[in-house]
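J.: Give me the fold of what follows.
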Amino acid sequence: IFISTIMPEDILLDDQELETLCPEVPEADRSRLLPYCLYGFRWAIEVIFYEQKTFWSFGKYMVRSKNGIESYVNFLAIAYSCVQLLPFKQERYAHLKEESSQVKKQLIGMAIQQEVFFYTFVLSIENRIKSLAILKAYERWAEEKHSF
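T.: Numbers count the residues shown, from 1 in each chain. Model prediction:
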C-alpha cells in the first residue's frame, strides 16, 4: 500500500516534466499518480541502502559524528557504485552485468582477495630473493677478505 502525505494537485509540474518522471504511466493518470512515481526514485535509494547493510556487512556499522557519518556514506556510495559499474567498464567482469549485488560483491571481493594474496606472496618471495642476494654478497666479501 502506498500512502502519500502530499496531494497530487499540490505538485506543480508541466506535461513534459510529468512525462519524464512517469513515462510508464498512461498520460491520463500521470497527475494523479505523480507521488507514486516520485516514490519510485526514493525506493531505488532504499534498495541501495538495504543491499549495503545486508550484503556488504554494514548493517551494524555505527559512527557518532557528523563527519564520520558523511565519510561513511560517501565511502560506501563510491564502493557500491564502483562494483555496480565495473561489469560495464571492464570486459573481464562483463558476465556480472545481470547478476545481483550480492553475487557481484562476492565475486569481486574474491578477486580482490586473490590479488592481495598474490601480491603478498610475490612480495615475500622478492624479499627472500633480496635477502639471499645480500647473504651471497656478504659471503663473497667474507671469502675475499679471508683469502688475503
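
J.: can you tell me which residues contact the spatially most central residue of the chain?
T.: Relative to the mean C-alpha position of the chain, the nearest C-alpha, by CA atoms, centre = their mean, is the one of residue 80, at 2.0 Å. Residue 80 makes contact with 48, 51, 52, 56, 101, according to CB atoms under 8 Å, 6 or more residues apart in numbering. C-beta here means a position set from N, CA and C on the backbone, and glycine is covered the same way.

J.: Which secondary structure element is home to it?
T.: helix 66-89 (DSSP states H and E).

J.: mind exporting that helix as CSV, just the C-alpha atoms?
T.: What follows is helix 66-89, C-alpha atoms only, in CSV (Å, rounded to 0.1, in the frame of the first residue of the first chain):
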residue,chain,number,x,y,z
LYS,A,66,28.6,14.2,11.5
ASN,A,67,31.9,13.9,9.7
GLY,A,68,32.1,10.2,10.4
ILE,A,69,28.6,9.6,9.0
GLU,A,70,29.3,11.7,5.9
SER,A,71,32.6,9.9,5.3
TYR,A,72,30.9,6.5,5.7
VAL,A,73,28.1,7.3,3.4
ASN,A,74,30.5,8.8,0.8
PHE,A,75,32.8,5.8,1.0
LEU,A,76,30.0,3.3,0.8
ALA,A,77,28.4,5.1,-2.1
ILE,A,78,31.7,5.1,-4.0
ALA,A,79,32.5,1.5,-3.3
TYR,A,80,28.9,0.4,-4.2
SER,A,81,28.9,2.4,-7.4
CYS,A,82,32.3,1.0,-8.5
VAL,A,83,31.1,-2.6,-8.0
GLN,A,84,27.9,-1.9,-9.9
LEU,A,85,29.7,-0.1,-12.8
LEU,A,86,32.7,-2.4,-13.1
PRO,A,87,31.0,-5.0,-15.3
PHE,A,88,30.2,-2.3,-17.8
LYS,A,89,33.7,-0.9,-17.8
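
J.: can you pull the buried residues of it?
T.: Buried residues in helix 66-89, defined by neighbour count with 16 or more other CB atoms under 10 Å: 76, 80, 83, 84, 86, 87.

J.: Pretty sure residue 105 is one of the things the third one touches, is it not?
T.: Yes: using CB atoms under 8 Å, residue 83 is in contact with residue 105, at 5.9 Å.

J.: This completes my enquiry, with thanks.
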